[in-house]
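Novice: What would the 3D arrangement of this be:
(one chain, ligands or ions: 2)
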Amino acid sequence: MTKHVLVTGGAGYIGSHACKVLAAKGYVPVTYDNLSTGWAQAVKFGPLVQGDLMDRAALDRAFAEYQPVAVMHFAAFSQVGEAMSDPGKYWRNNVMGSLSLVEAAVAHGVLDFVFSSTCATYGEQDGVLLTEDCRQEPINAYGSSKRAVEEILRDFRAAHGLRTVIFRYFNVAGADPEAEIGECHRPETHLIPVMLEAIDGQRPELVIHGDDYDTHDGTCVRDYVHVMDLVEAHVLGLEWLLDDKGSRVFNLGTGAGFTVKEVIGHARAATGHKVPHRYGPRRGGDATSLVSGSHAALTELGWDPARSSLKTMIKDAWTWHKTGGYPG
Ligand SMILES: NC(=O)c1ccc[n+]([C@@H]2O[C@H](COP(=O)([O-])OP(=O)(O)OC[C@H]3O[C@@H](n4cnc5c(N)ncnc54)[C@H](O)[C@@H]3O)[C@@H](O)[C@H]2O)c1
Ligand SMILES: O=c1ccn([C@@H]2O[C@H](COP(=O)(O)OP(=O)(O)O[C@H]3O[C@H](CO)[C@H](O)[C@H](O)[C@H]3O)[C@@H](O)[C@H]2O)c(=O)[nH]1
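Specialist: Ligands and ions are numbered 1, 2, ... in the order given. Below you'll find the model as predicted:
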C-alpha cells in the first residue's frame, strides 16, 4: 500500500532533504508549499501541491486526494533577524498557518504529526547545555512563534488525540552529499552558505554579527547538525509515531558548540580558501550560546548523526554551492 506523507515546506531547504530520504525509505512525500522561500525545482521525489497553509480549501483537497498517513510540518518563516523587525509576519505565518494545518489534519483523521521546532525556543540561558526539559523563554518572535505552535499541538493532543513528535533543531547545515538538492535562500542569511558566497565572490565578505559576546573568542556559539542526519531523525520520528510509541519532544543537535570564528577556520580547512570577513554589530535576537545537552534522540530513536562534523557539513555545502543549483 502506498504510504503518502504530507510534507509542508517540502520545496525548502530541510523539507526537500526530508522528501529525498522519505522516498528512499519507500514513502511518497507530497510537498505542500506556497513557494514563498522554496523552489519548485527542489521538489523531485514526489508530487508538488502549490498552496498556502492558510488556504483551508486547498489543504482539504490535498488531504482528500492523497490520504496521507502522517504530516511532516516544515513550512514556516525562520530568519531571526527578520523576525525582530517584522514580528507580525512570523506570528501570522508560523502560528496561524500551523493552526490551519493542524485543524485540517484532525478533520481528516490524520493524527500523526511531526513538527519542526527550534532551539530558539529556549532563548538565552547562561551557556548551559540545553535539554528538552529546559524552560522555553525565546528572545525573538521566531522562537516565540514556534513555542506557540508547540502549545497548540499540546492542546490538540489533549482534545483530539493528536500524536506528535516535536523536533527542536539546533543549527542545520550541509547538503545532500549527491548535490541533487541543497540550501538555497534569496537572500541567504545562514552562516555557512554566507561564508561560501563570500569565498567565491558572490558577496564582498562575511560580516560577523558581534564579537563582544561572553564566549572564549567573543562570537556566538552554535551546535551544527547535518541536514541529512536531521531528516533521517524525522523518518525515525515518523516510524516512532506509526509504531504508536506516543508523543515526544527531541532536541536534534550534536552537543558540540562552535563559535563563528571557529566555523570560519573550519571553512578554510574544508574549502582551501580564506573567508573574507569583517566585524559588525550584534544582530538583534541572537542568543550567546545554543548547544544541545540531550542524548534522547540517540538513545530512544536510535539516531546516529554520523555526517555532522563541521568538515563534512561544509564540504557537502561547498559541493552543492559549486553546482550553482536552482534559480533560473
Ligand atoms: N535552518 C535551520 O537551521 C533551522 C533550525 C531550526 C528550525 N528550523 C525550521 O525548519 C523548517 C524548515 O526550515 P528551512 O531552513 O528549510 O526553511 P526554508 O525557508 O528553506 O523552507 C520553508 C518552506 O516553507 C514554505 N512555506 C513557508 N510558509 C508557507 C506557507 N504559509 N504555506 C506553504 N508553504 C510555506 C516555503 O516556501 C519554503 O519552501 C522551518 O520550520 C524552520 O523554522 C530550521
Ligand atoms: O552573516 C552572518 C550570518 C550569521 N552569523 C552568526 O552565525 C551564527 C549562526 O547564525 P545563522 O543565521 O546561521 O543561524 P541562527 O542561529 O540565527 O538560526 C538558525 O538556527 C536557529 C536555532 O539556533 C533557528 O532555528 C533558525 O531557524 C535558524 O535560522 C549566529 O551567531 C549569527 O549571528 C554571522 O555572524 N554573520
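
Novice: burial count for the residue of the stretch 151-300 of the chain found nearest ligand 2?
Specialist: Nearest residue of the stretch 151-300 of the chain to ligand 2 (C-beta to the nearest ligand atom) works out as Cys220 at 3.1 Å. Backbone N, C-alpha and C define where each C-beta goes, glycine included. Cys220 has 24 neighbouring residues, counting by other C-beta atoms under 10 Å.

Novice: List the residues that contact it.
Specialist: Contacts for Cys220 (C-beta atoms under 8 Å, 6 or more residues apart in numbering) come out as His209, Gly210, Tyr213, Thr259, Val260, Asp286, Ala287, Thr288, Ser289.

Novice: measure it to Gly253 for me?
Specialist: The gap separating Cys220 from Gly253 is 15 Å, by C-beta to C-beta, to the nearest Å.

Novice: again, but for Ala148
Specialist: Remark: distance between Ala148 and Gly253 (C-beta to C-beta) = 22 Å.

Novice: Between the two, which is the more surrounded one?
Specialist: Neighbours were counted for Ala148 and for Gly253 using other C-beta under 10 Å; Gly253 has more, 27 against 19.

Novice: my guess is that one meets Ser292, correct?
Specialist: Yes. Under the criterion of C-beta atoms under 8 Å, Gly253 makes contact with Ser292 at 3.0 Å.

Novice: Name the residues contacting each of these two.
Specialist: By C-beta under 8 Å, 6+ apart, the residues touching both Gly253 and Ser292 are Cys119, Leu130, Phe170, Asp223.

Novice: Next, count neighbours for the last one.
Specialist: Using other C-beta under 10 Å, Asp223 has 24 neighbouring residues.

Novice: Over to the first one?
Specialist: Residues contacting Cys119 under the criterion other C-beta under 10 Å number 25.

Novice: Dihedrals phi and psi, it?
Specialist: Cys119 adopts backbone torsions of phi -70, psi -10, taken as degrees, to the nearest 10.

Novice: for it, what are its contacts?
Specialist: Leu130, Arg168, Tyr169, Phe170, Asp223, Asn251, Gly253, Leu290, Ser292.

Novice: Of those residues, which belong to helices?
Specialist: Among the contacts of Cys119, none falls in helices (DSSP state H).

Novice: just the residues you listed now: which is nearest Thr8?
Specialist: Of all the contacts of Cys119, Thr8 sits closest to Tyr169, with 15.6 Å by C-beta to C-beta.

Novice: burial count for the closest residue to the closest one other than its chain neighbours?
Specialist: Spatial nearest neighbour of Tyr169, excluding adjacent residues (C-beta to C-beta, 6 or more residues apart in numbering): Leu252 at 4.9 Å. Number of residues near Leu252 (other C-beta under 10 Å) recorded here: 29.

Novice: Which ones among the contacts of Cys119 lie within strands?
Specialist: Here DSSP state E is the test, and these give Arg168, Tyr169, Asn251, Leu290 as lying in strands.

Novice: Surely Lys20 is within a helix?
Specialist: Yes. Counting by DSSP: H, G, I helix; E, B strand; the rest coil, Lys20 is located in a helix.

Novice: and it, how many residues sit next to it?
Specialist: A total of 22 residues lie near Lys20 under the criterion other C-beta under 10 Å.

Novice: where exactly do the helices run in the protein?
Specialist: Using DSSP H, the helices found in the chain span residues 13-24, 56-66, 80-85, 87-90, 97-107, 141-160, 191-199, 227-242, 260-271, 296, 310-323.

Novice: ranking those helices by burial, who's on top?
Specialist: Of all these, helix 13-24 has the most neighbours on average by mean count of other C-beta atoms under 10 Å, namely a mean of 24.

Novice: and the residue nearest to Glu103 when sequence neighbours are not counted, what is it in contact with?
Specialist: Of all residues not flanking Glu103 in the chain, Arg56 sits nearest, at 7.6 Å (C-beta to C-beta, 6+ apart). Counting by C-beta under 8 Å, 6+ apart, Arg56 makes contact with Ser100, Glu103, Ala104.
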